[in-house]
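Visitor: have a look; sequence and predicted model below, questions after that.
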Amino acid sequence: MNDISDYIQGELIKTPFNLYNLITKYIESNKNTKVAFVGGYLRDLLISKFHKKSFSKPVDIDLVIEGSSISLAKFIKKNIVNVDLCLIKEFNLYNTVEININDYKIDIACARKEIYSAPGLNPTVNKSTIEEDLKRRDFSINSIAFEVSTKKIYDLYGGISDIKSKRLNLLHSNSISDDPSRLIRCAKYASRLDFNISNNSLKQSQETVRQWPWKSSETHQKVIYPPALGIRIRMELAEICKHDNLTNVISIIHKWEIISILNENIKVDKRFLRGLNWIKKVKGNHMLYLLKDSEDLKKACQRFLVNNSEIKILEDYLNIKKILNTNKKNFNHFSPSSWTEFIESRNLNDETVKLLICDGGPYWRKLFRWLFIYKFIKSKKDGETLKKEGWEPGQEMGKEIKRLRYLEIDKLNRN
């Protein structure tokens, strides 16, 4: 283990802003305080060592402290040099602190123990040790810690062995029931790292999902829509959209037969996956795309805290889809200006149009052209010009401006 410890220390010393040495100085002046590097950065260092896989430079680092997180954060801010910006955000609920240094993020958490009263609910938190803190984490590969003062590696759950074997192992038998959003994270790691889920972890995942809706251990009542769970899943999906391949992640979730954690009505086929790729290309709302085919839209929206404006987008999508499917002969002869009139007279949100585009069908190109071309075309004459030509402000002038705009739009069809 010494060679691994030496390797990790050598890499941590290279962290920006002299962070490792700042932590060392803090520990020297605060006896009996332990600080450890944990989480994804440590995991990726070990993956690089064992599998020669290169990662981009870290943009965030996780630390856990047996002591005061805010005290360490203030020490770093006071002693850091040559930075343009250093901000501290404190989160009292979990005794955590986030430091933003330029475009770099450091999360400092007080070592804690968590108790979940029901799946998806926020846990009850108590201060604890680094060893105890590692028990609350999601996967063995993320439960490795490097304690700075002793240069000791904590690997209580075989995370290093799992990294060597490229295996995803949940930490304990209640991992998914404590936080079902870990299902999404697991698929993310499988996609990003090219790791395989262990048989036991896959079985736990499938069995937990099949038990939905889960019971609360406190009330023994069904907790159908835990708000914290909906928020966490949406956050996980948003992060995947930014940094990973959502299409690949959804394919993995489908392969593992746990897609119902998102929407049991999703039919994962080529058309659906193509649309999922497109929703990213057009910068659309991926959550709405995943929910659009729900049999019970109200329940699906409750489950993921979909707001009223988002519900309106989904309702409009379903309504327009029905109209397009029942009047095909009419729409086949629509001009560009007719499509413009059809969309704009209904005050459709751009997100509704994006869903219709990504859904495919015979008219997606027409809708695409409106979204990125037609809607931006203006009449060559504005109100001031028409006033000079003798038009009176009012309804008739508005109709003329619209007519002239439609002429410009239809010119595109002839070019």
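Guide: Thanks, I have the structure now. Residues are numbered from 1 along each chain as shown.
Visitor: please make it C-alpha for all contacts and neighbour counts, starting now.
Guide: Fine.
Visitor: check what pLDDT the closest residue to residue 110 other than its chain neighbours gets.
Guide: With CA to CA, 6 or more residues apart in numbering as the criterion, residue 110 has its nearest non-adjacent residue at 5.0 Å, and that residue is residue 65. Per-residue pLDDT puts residue 65 at 97.
Visitor: need the contact list for residue 65.
Guide: Contact partners of residue 65, counting by CA atoms under 8 Å, 6 or more residues apart in numbering, are 33-36, 108-111, 130.
Visitor: which of the residues you listed fall within helices?
Guide: Using DSSP state H, residue 130 are the members of these that sit in helices.
Visitor: pick the one among the contacts of residue 65 closest to residue 232.
Guide: residue 109 (18.4 Å; CA to CA).
Visitor: for the residue nearest to that closest one when sequence neighbours are not counted, give the beta-bridge partners.
Guide: With sequence-adjacent residues excluded and distances taken as CA to CA, 6+ apart, residue 109 is closest to residue 96, at 4.4 Å. Taking DSSP bridges as the rule, residue 96 bridges to residue 91, residue 109.
Visitor: mind splitting this structure into its structural domains?
Guide: Taking automatic domain parsing as the criterion, the chain consists of the domains 1-165, 330-414.
Visitor: adding distance to residue 270, write those domains out as JSON lines.
Guide: Output for the domains of the chain, formatted as JSON lines (distance: least, CA to CA, whole Å):
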{"stretch": "domain 1-165", "distance to residue 270": "30"}
{"stretch": "domain 330-414", "distance to residue 270": "11"}
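Visitor: hey, which of the ones you listed is tucked in deepest?
Guide: domain 1-165 (a mean of 17; mean count of other CA atoms under 10 Å).
Visitor: what about stretch 236-249, how long is it end to end?
Guide: For stretch 236-249, the first-to-last residue distance is 11 Å (CA to CA, to the nearest Å).
Visitor: any residues touching whichever helix or strand residue 207 is part of, and which ones?
Guide: Residue 207 is part of helix 199-210, with elements assigned from DSSP states H and E. Helix 199-210 has contacts (CA under 8 Å, 6+ apart) with 168-170, 173, 176-177, 183, 256-258, 260-261.
Visitor: please repeat the previous calculation with a cut-off of 10 Å.
Guide: Residues outside helix 199-210 that contact it (CA atoms under 10 Å, 6 or more residues apart in numbering) are 119, 139, 167-177, 180, 182-183, 186, 196-198, 214, 256-261.
Visitor: inside helices: which ones of these?
Guide: Using DSSP H, these in helices are 175-177, 182-183, 186.
Visitor: farthest-apart pair in the residues you listed, please.
Guide: Maximum distance among the ones in helices among the contacts of helix 199-210 (CA to CA): 13.9 Å, for 177 and 186.
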